[in-house]
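Participant: Predicted coordinates and the sequence they were generated for:
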Amino acid sequence: MRSASHQARRSALILACFAAIITLLLAGTWLATRARVEANQNAARAALLAQALPAGLFDNDLTASRQPLPEAAAWLLNGHAAANVYRASKAGQPSGVVFEAAAPNGYGGRIELLVGIAADGKLQGVRVVNHKETPGLGDYIDLSVSSWARQFVGRDSDTQRSWQVRKDGGDLDYVSGATISARAVAATVGRVADYFRDHRSALLQGTP
Amino acid sequence: MSNWQDISRNGLWRQNPGLVQLLGLCPVLAISNNVVNALALGLATTLVTALSGTAVASVRKLVPHEIRNPIFIMIIAALVSCVDLAMNAWLHELYLVLGIFIPLITTNCIVMARAEAFAARNGVADAALDGLMMGLGLTGVLVVLGGLRELLGKGTLLAGADKLFGEAGHAMVLQLAPANYQFLLALLPPGAFLGLGLLIAGKNMLDARQRRIAAAAANPVTLPARQP
């Protein structure tokens, strides 16, 4: 019996030594990569934001202008309790906003979007950030797959009342066989546009 | 030296993880919808199998037999986490594409299987070569399957190569069909199963032919008479 318990103690000790060495290795790698990973994530977010607003429209640091939306608005536009809005300005004058929006009702679930609107109410860009639509079918909403999302650019949140695809009587294009993805994005963009129209001055002043 | 040839031939063909051992099929089927994703995941897996083979073989004499599995799992999980962090830091674009499949390399049975079946019983150099060859064998299957599915499904090859090769990648994309061409079956998971089935059948056919030729060469008398 003594040798069995001795054996068990020896095994436990070896296991603990390996765990300790491996923990050190992981901690070291995490420390070595942390700064770069954070820089990458910030750069990726800044690049995405810049795709929702044309470069000529702002000269401030968009990622730094982040403000939380009121909770009711976050639920309405993002489907979550917390969402942000980014305020663009040029030469000190407010020039537009970018919303973190999301469509809760895509074919594969939630579709996360960035919607950029200029101060005059014109849509500047709709960019799908994250989605689970069927590859090769519903993923055309993503700008890296097709230019479908560009049709929102230039539409006026003041005057456009219907944000529906052609199949539902609206004037937005869609790909037949994958209507649900387009419908979900279009409806969300519509909610963002309506919200911007109703809260324009507060949003541009930075007091959403 | 012939030992090394043996190890290489096993990994690349005779014991190919994708076509013969059929281990780690989840990523093979999920990621092989185009060449670039397939190549990237294949290379990441190769890195892990080679590193884990080396690591396991170099500690094998310190590890008591009855607790070898937990220790191998820890080593593999740690290596995958390191590769995951390193890709996040230095290959961020690609990291975003492969997403969850990098951490899931941990659960790819081929890594554990080679640690247990080969690296735990062989020297460091052999184990490293075995891991490398097994990984490359899997990468080969992934790339062929990815190429088949991308070609049939979208009519392109190497779409999105810029994520792997930088700006030069834009010039590598081959568009072989009209831009709106699409064959969904090939892109969706059933296409992966069908494609892999065809690849396995093809390999078995080649092997059978090889055996027939070898048998015929060894025993020419039994050759069937040719039709005039």
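Facilitator: Arrived safely. Residues are numbered from 1 along each chain as shown, chains lettered A, B, ... in the order given.

Participant: Okay, helices next: where are they in chain A?
Facilitator: Listed in chain order, the helices found in chain A under DSSP state H are A:2-52, A:71-78, A:179-198, A:200-205.

Participant: Pull the second one out as CSV, backbone CA atoms only.
Facilitator: Okay, so that is helix A:71-78. Once non-C-alpha atoms are left out, helix A:71-78 reads as follows in CSV (Å, rounded to 0.1, in the frame of the first residue of the first chain):
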residue,chain,number,x,y,z
GLU,A,71,-31.0,52.1,-22.5
ALA,A,72,-34.3,52.4,-24.3
ALA,A,73,-32.6,53.4,-27.5
ALA,A,74,-30.0,50.6,-27.1
TRP,A,75,-32.8,48.0,-26.9
LEU,A,76,-34.6,49.5,-29.9
LEU,A,77,-31.5,49.8,-32.2
ASN,A,78,-29.2,47.1,-30.9
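
Participant: what comes into contact with it?
Facilitator: For helix A:71-78, the external contacting residues (C-beta atoms under 8 Å, 6 or more residues apart in numbering or on different chains) are A:68-69, A:80-83, A:99-102, A:188, A:191-192, A:195, A:199, A:208. Where you see a C-beta, it was placed from the backbone N, CA and C, and this is true even at glycine.

Participant: one more time with 6 Å
Facilitator: Contacts made with helix A:71-78 from outside it, assessed by C-beta atoms under 6 Å, 6 or more residues apart in numbering or on different chains, are listed as A:81-83, A:101-102, A:191-192.

Participant: Tell me the residues of chain B that contact chain A?
Facilitator: B:64, B:67, B:71, B:74, B:78, B:81-82, B:85, B:88-89, B:92, B:187 (C-beta under 6 Å from any C-beta of the partner chain).

Participant: Tell me the spatial nearest neighbour of the residue most central in space within chain B, not counting adjacent residues.
Facilitator: When C-alpha atoms, centre = their mean is applied to chain B, the residue found nearest the centroid is B:Leu138 (1.2 Å). Leaving aside its sequence neighbours, B:Leu138 sits nearest to B:Pro17 (C-beta to C-beta, 6 or more residues apart in numbering or on different chains; 4.6 Å).

Participant: so what's the one you found up against?
Facilitator: Shown in contact with B:Pro17 (C-beta under 6 Å, 6+ apart): B:23, B:110, B:134, B:137-138.

Participant: Let's see that with 7 Å instead.
Facilitator: If a contact means C-beta atoms under 7 Å, 6 or more residues apart in numbering or on different chains, then B:Pro17 has B:23-24, B:110, B:134, B:137-138 as its contacts.

Participant: cool, B:Arg149 as well?
Facilitator: By C-beta under 7 Å, 6+ apart, the residues touching B:Arg149 are B:32-33, B:186-187, B:191-192, B:195.

Participant: the helices in chain B, which residues?
Facilitator: Here chain B has its helices, by DSSP H, at B:2-9, B:25-31, B:35-59, B:68-90, B:92-98, B:109-117, B:124-154, B:162-165, B:184-187, B:189-218.

Participant: Mind giving me the packing neighbours of the fifth one?
Facilitator: The reference is to helix B:92-98. Counting by 3 or more C-beta pairs under 7 Å, 6 or more residues apart in numbering or on different chains; DSSP states H and E, the packing neighbours recorded for helix B:92-98 are helix B:35-59, helix B:68-90, helix B:162-165.

Participant: wait, isn't A:Leu172 in contact with A:Ser162?
Facilitator: No - contact criterion C-beta atoms under 7 Å: A:Leu172 and A:Ser162 do not qualify, at 8.8 Å.

Participant: of those two, who's got more company?
Facilitator: The residue with more neighbours, out of A:Leu172 and A:Ser162, is A:Leu172; 22 against 11, by other C-beta atoms under 10 Å in any protein chain shown.

Participant: How much space separates the more buried one from chain B?
Facilitator: Distance, A:Leu172 to chain B, by C-beta to the nearest C-beta, to the nearest Å: 19 Å.

Participant: partner residues bridging that residue?
Facilitator: In this entry, A:Leu172 is beta-bridged to A:Val165, by DSSP bridges.

Participant: that older thread, comparing the helices of chain B, which gets the lowest mean pLDDT score?
Facilitator: For the helices of chain B, mean pLDDT drops lowest on helix B:162-165, to a mean of 74.

Participant: How far off centre is it?
Facilitator: Its chain's C-alpha centre and that of helix B:162-165 lie 20 Å apart, by C-alpha atoms, centre = their mean, to the nearest Å.

Participant: And stretch A:197-204, by the same measure?
Facilitator: Per C-alpha atoms, centre = their mean, the centroid offset for stretch A:197-204 relative to its chain is 21 Å.

Participant: ditto for stretch A:48-65
Facilitator: Relative to its parent chain, stretch A:48-65 has a centroid offset of 14 Å by C-alpha atoms, centre = their mean.

Participant: check contacts around A:Leu204.
Facilitator: Applying C-beta under 7 Å, 6+ apart to A:Leu204 gives the contacts A:94, A:97, A:119.

Participant: Among those, which one lies nearest to B:Ala120?
Facilitator: A:Val97 (58.9 Å; C-beta to C-beta).

Participant: what are the bridge partners for that closest one, then?
Facilitator: Those that pair with A:Val97 in a beta bridge, by DSSP bridges, are A:Arg87, A:Ile117.

Participant: any idea how chain A splits into domains?
Facilitator: Split into domains by automatic domain parsing, chain A comes to A:1-50, A:52-204.

Participant: out of these, which comes closest to B:Leu157?
Facilitator: Per C-beta to C-beta, nearest to B:Leu157 of those: domain A:52-204, 15.2 Å.

Participant: Pull the distance from the closest one to the chain's centre.
Facilitator: 9 Å.

Participant: Tell me the spacing between A:Cys17 and A:Arg10.
Facilitator: Here A:Cys17 is placed at a distance of 11 Å from A:Arg10 (C-beta to C-beta, to the nearest Å).

Participant: With A:Tyr86 instead?
Facilitator: Note on A:Tyr86: its distance to A:Arg10, by C-beta to C-beta, is 58 Å.

Participant: A:Glu112 contacts A:Pro104, doesn't it?
Facilitator: No - judged on C-beta under 7 Å, A:Glu112 makes no contact with A:Pro104 at a distance of 10.3 Å.

Participant: Looking at the two, which one has more neighbours?
Facilitator: A:Glu112 (19 against 14).

Participant: Contacts only, for the more buried one.
Facilitator: Applying C-beta under 7 Å, 6+ apart to A:Glu112 gives the contacts A:102, A:129-131.

Participant: Kindly identify which of the residues you listed also come near chain B.
Facilitator: Checked against chain B using C-beta under 7 Å from any C-beta of the partner chain, these yield no neighbours at all.

Participant: Just the buried ones out of those residues, please.
Facilitator: Under a neighbour-count criterion of 16 or more other C-beta atoms under 10 Å in any protein chain shown, the subset of these counted as buried comprises A:102, A:129, A:131.
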